[in-house]
Structures are given as structure tokens and as C-alpha cells.
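Asker: Pasting the sequence and the predicted coordinates here, then a few questions.
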Amino acid sequence: MRTTFLVCYDIADDKRLRKVFKTCSNFGNHLQFSVFECDLNPSEKIAMETALDTIIKHDEDQVIFASLGPSEGRGERVISSLGLPYSKLDAPCFVV
């Protein structure tokens, strides 16, 4: 069974930030700066956590997995926003 996760991160170093962004891109959809939506089965979640675990510095960085429930049977995904309208981000993240 696949579960949808909102994966959010706060990375203190630009080099690690780029690596975390690239890793998350392999597992889900980029929603906003440091936020991804990932539909993962249990083994994919473990693979993602393992990959991120090797990149982050545990005393400086944070990655949060917020479960949004089962991917199947929940109907269409609806994202709303306040302020600027939500639009799907297809552009890569650049840190200057």
C-alpha cells in the first residue's frame, strides 16, 4: 500500500541542500522550495530515509515526513493556497 507523505526539510549547508533536493526529486513531486509530496510504499520510504540519512548532518539539519494517509482511494489531490496562487513547480532549486 502506498502512503502520501509531505516531506519538508531545513538544511544548513548549500551543498547538502542541493543533494537533499536531488534525492527528494527522485521520490516525489516538488511543491514549494523545501517541500515535496511523495507517494511511497514502505520499502521506498526506507530507501528515501536511508539516502537522506547519509546526506544530512544530524546536529544541523532536519527532514520531516508528514503522513497524509493512503494514496489510493482518496480521490483527486486538492491543494489550495493563501497569498500567491499554488502552481506546480517543475523548475529545479538553485541556491546562490
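Answerer: Looks like it arrived, so ask away.

Asker: Only C-alpha atoms from now on, for both contacts and neighbour counts.
Answerer: Will do.

Asker: Pass me the low-pLDDT residue ranges in the protein, would you?
Answerer: Applying pLDDT under 70 to the chain flags the ranges 74-84, 86-96.

Asker: Show me where the chain has its strands.
Answerer: 3-10, 29-32, 35-40, 62-70 (DSSP state E).

Asker: Turn these into JSON lines, columns for distance to Phe21 and mean neighbour count.
Answerer: Output for the strands of the chain, formatted as JSON lines (distance: least, Cα to Cα, whole Å; neighbours: other Cα atoms under 10 Å):
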{"stretch": "strand 3-10", "distance to Phe21": "9", "mean neighbour count": "18"}
{"stretch": "strand 29-32", "distance to Phe21": "9", "mean neighbour count": "18"}
{"stretch": "strand 35-40", "distance to Phe21": "9", "mean neighbour count": "22"}
{"stretch": "strand 62-70", "distance to Phe21": "11", "mean neighbour count": "14"}
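
Asker: In TSV: these, plus distance to Ile56.
Answerer: Shown next, in TSV, are the strands of the chain (distance: least, Cα to Cα, whole Å):
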stretch	distance to Ile56
strand 3-10	10
strand 29-32	19
strand 35-40	16
strand 62-70	8
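
Asker: Indicate which one of those strands is closest to Thr54.
Answerer: When the strands of the chain are compared by Cα to Cα, strand 62-70 sits nearest Thr54, at 12.2 Å.

Asker: and that closest one, what does it pack onto?
Answerer: Judged by 3 or more Cα pairs under 8 Å, 6 or more residues apart in numbering; DSSP states H and E, the packing partners of strand 62-70 are strand 3-10.

Asker: The strand it packs on: how far from the chain's middle?
Answerer: 4 Å (Cα atoms, centre = their mean, to the nearest Å).

Asker: Can you give the strand pairings for it, parallel or anti for each?
Answerer: According to DSSP bridges, strand 3-10 forms sheet pairs with strand 35-40 (antiparallel), strand 62-70 (antiparallel).

Asker: With distance to Ser25 as added columns, please give those strands in a markdown table.
Answerer: As requested, these are exported to a markdown table (distance: least, Cα to Cα, whole Å):
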| stretch | distance to Ser25 |
| --- | --- |
| strand 35-40 | 8 |
| strand 62-70 | 14 |
